[in-house]
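1. Here's my sequence, what's the structure:
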Amino acid sequence: MLRSHGAMAAARLLTVGRALTLSLDRYSGSGFQSKNEYLFGRFDLQLKLVPGNSAGTVTTFFLSSQGTGHDEIDFEFLGNSSGEPYTIHTNVYTQGKGDKEQQFHLWFDPTSAFHTYSVIWNPQRIIFMVDNTPIRVYNNHESIGTPFPKSQPMRIRCSLWNADQWATQGGRVKTDWTKAPFVATYRNFNINGCVAGSSCGSKSTDSFNSDAWKTQDLDPIGRYRLRWVQQNHMIYNYCTDYQRFPQGVSAECKLS
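-> So this is what the prediction gives:
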C-alpha cells in the first residue's frame, strides 16, 4: 500500500506492514505515499508526533491529486516549543485553490502515545476526526457555487519536513537543529476506499466491513462532540477572518 517518496530516503519500516518512522535533520526530510489513488473513502492511521522541542517541523497526513489544479485534503501537525501545544492545521483544496483553513489545539499530548487520525471523504462532505471525535466537517456546497473535490483521485501522502519560516508562532520560533533528528512514527493504516479506475466495492482495499463512509454524516453525539471541539479547541477559522478576506468570507461560511 505504501511506498517511499522520491529522494526522501529517511523512512524506516519498524514492523512489516504495521509501523514506519519518518525523520528530519538539517539536510533532508522524509515521506511516503500510497501506491493506489482513491476517489472517496475512509482513511485512518495512528500517529505519534515528534516529542520535545519540535518547533519549525511539520508532520503531515493528507490526500492529494496531481497537477497544478489539484485537489487536496490536509491534516498538518505544526511543531511547538517544549511545553506548548501542538497545532492541527486542516485545509481543503479544490482545483488548486485552498484558503479553507481551520486550526485546533489538541486536548492531549500527541507525542506520548499513538492517536488515530481519520479522513472520511464522500460526495456529500469531508469529515476530519481525531480518535473518532469529529473536529471539522466540510460540506459539499456546490449548489451555492463553492467547488468541492469529487472528480480527481488522490493518493494518501505523509511527510515530515522543516517549515520554520511559518510553522511555529508564524515563523517567530525557528527549528533547533541541535535536537535533530526529529522522528514521527506512523502505524495501523486502514483504508476503505474506491480505487481509481474500479467500481466502488469490487476493488476497494479495506480493513473495515462497513461501507458507512459512503454516506456518513454526524449523528447527534457526533454533532455534540464537534461543537465541543470547535468551542474549546479551535484557534483559527477562515470563516471569521475578515481581515484576511476584506471583500467577504466564502459563501459556505454563512451555512456552517
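2. got a list of contacts for stretch 46-59?
-> For stretch 46-59, contacts defined as C-beta atoms under 8 Å, 6 or more residues apart in numbering pick out 22, 24, 61, 76-82, 86, 110-117, 158-164, 167-168, 173-176, 179, 182-188. The C-beta positions use only the backbone N, C-alpha and C, and glycine is treated the same way.
3. er, stretch 165-175 actually
-> Identification of contacts with stretch 165-175 by C-beta under 8 Å, 6+ apart yields 55, 56, 57, 58, 78, 79, 80, 81, 162, 164.
4. If we use 6 Å, what do you get?
-> Stretch 165-175 is contacted by residues 55, 56, 58, 78, 79, 81, 162, 164 when judged by C-beta atoms under 6 Å, 6 or more residues apart in numbering.
5. just stretch 75-92 next, same as before
-> Counting contacts by C-beta under 6 Å, 6+ apart, the residues outside stretch 75-92 that touch it are 49, 52-62, 73-74, 98, 100-106, 110, 117, 128, 136, 138, 167-168, 173.
6. Considering the contacts of stretch 165-175, which possesses the most neighbours?
-> Sorting these by how many neighbours each has (other C-beta atoms under 10 Å) puts residue 79 first, at 29 neighbours.
7. All the strands of the stretch 51-200 of the chain, residue numbers only.
-> Using DSSP state E, counting those that start in this stretch, the strands assigned to the stretch 51-200 of the chain run over residues 57-64, 72-78, 87-93, 102-105, 115-121, 125-130, 133-139, 155-162, 182-195.
8. The nearest residue to residue 77 once chain neighbours are set aside pairs with what?
-> For residue 77, the nearest residue in space outside its immediate sequence neighbours is residue 59; the separation is 4.4 Å by C-beta to C-beta, 6 or more residues apart in numbering. Beta-bridge partners for residue 59, by DSSP bridges, are residue 77, residue 160.
9. what separates residue 59 from residue 66, distance-wise?
-> Separation of residue 59 from residue 66 (C-beta to C-beta, to the nearest Å) stands at 22 Å.
10. Same drill for these two, tell me which one is more crowded.
-> Comparing residue 59 with residue 66 by neighbour count (other C-beta under 10 Å), the higher total belongs to residue 59, at 28 against 12.
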